[in-house]
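>>> What follows is a predicted protein model with its sequence.
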Amino acid sequence: MKALILAGNKGCDPSSDINENKALIKILGKEMISYVIFALKELDFIDKIAVVGDLKQLDVIKPFVDDIVEQGDSLSANILKGVQLFADDEDVLILTSDIPMITPDAIQDFVKKALRLEADFCYPVVKKEVNERKYPGVKRTYVKIKDGTFTGGNIVLVKAGVAKRLVHKAESFLAYRKKPWKLAGILGISFIFKFLIGNLSIEDLEKRVSDIFGIKARAVISPYPEIGTDVDKQSDLDLAAKVLSQGGI
């Protein structure tokens, strides 16, 4: 399986309080992206690691990855540039570079469950109670639906050909990934109504996304909150430093 890490610094997340390239912010003396790289290197089913970002800035990690691709002007452009490295039928694990607490176990659990679903696109979600049990008080974007209250992850598993074909169509989904109400609007009025009355389910969301994009899309409930805990502000950096200094516990 291939891995693609998104480390661009153009078209950054407007919800983030950090304006510099997060991939290169140092935590305990190591670039944030290096924690993601070395978690992937612990997994024997990952046979290639590529990164999309600023070539000059990312020169420091060059010895540890297989390819670095010059970034584009947006998140969707970076995804497209990265997946061009791979054959259409290859599974690609796409990760952001701002999840330094990610562990090999969290990645392996997600991939194992995703592969069983035999889907074109898989996305992890984490229950609020699981997140708050491990990282109490950490602010995250949650959505309350029939199956529980969830936050999204920062990894997807997708067929390279699907990503090449649909990434531009998915731009609005990418732009609103932390704005549940706007996502609901894209999905349609019936989804807003179901959301309001508390009757929207994971199965409903899977079916609607599958219908919109003409693929088989599935959600994976992950018991690992680090898969959905990214770094957007100073308090997140402080948490990451604390967790990593304790060996990730």
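Sure, I can see it.
>>> How many residues are close by the closest residue to residue 96 other than its chain neighbours?
If the residues on either side of it in the chain are set aside, residue 96 comes closest to residue 154, at 4.5 Å by C-beta to C-beta, 6 or more residues apart in numbering. Using the backbone N, CA and C atoms, a C-beta is placed for each residue, glycine as well. The local packing count at residue 154 equals 22, with neighbours defined by other C-beta atoms under 10 Å.
>>> got a list of what residue 154 touches?
95-96, 98-99, 102, 227-228, 230 (C-beta atoms under 8 Å, 6 or more residues apart in numbering).
>>> Angles on the backbone of it, please.
The phi and psi torsions at residue 154 (degrees, to the nearest 10) take the values phi -120, psi 30.
>>> lowest-pLDDT helix or strand in this structure?
Among the helices and strands of the chain, helix 180-187 carries the lowest confidence by mean pLDDT, DSSP states H and E, at a mean of 59.
>>> residues in contact with residue 124?
Residues touching residue 124, when contacts are defined by C-beta under 8 Å, 6+ apart, comprise 110, 152-153, 155, 219-222, 227-228.
>>> which outside residues touch the longest helix anywhere in the chain?
When secondary structure is assigned using DSSP state H, the longest helix within the chain turns out to be helix 104-117. Contacts made with helix 104-117 from outside it, assessed by C-beta under 8 Å, 6+ apart, are listed as 1, 39-40, 42-43, 45, 91, 93, 122, 124, 153, 155, 157, 216, 218, 220, 222-224, 226-227.
>>> Now a ChimeraX select for only the buried ones of those residues.
In ChimeraX, this line selects whichever of the contacts of helix 104-117 come out buried by 16 or more other C-beta atoms under 10 Å:
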select :1,39,40,43,91,93,122,124,153,155,157,216,218,220,222,224,226,227
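>>> If anything else comes up later, I'll come back, but that's it for now.
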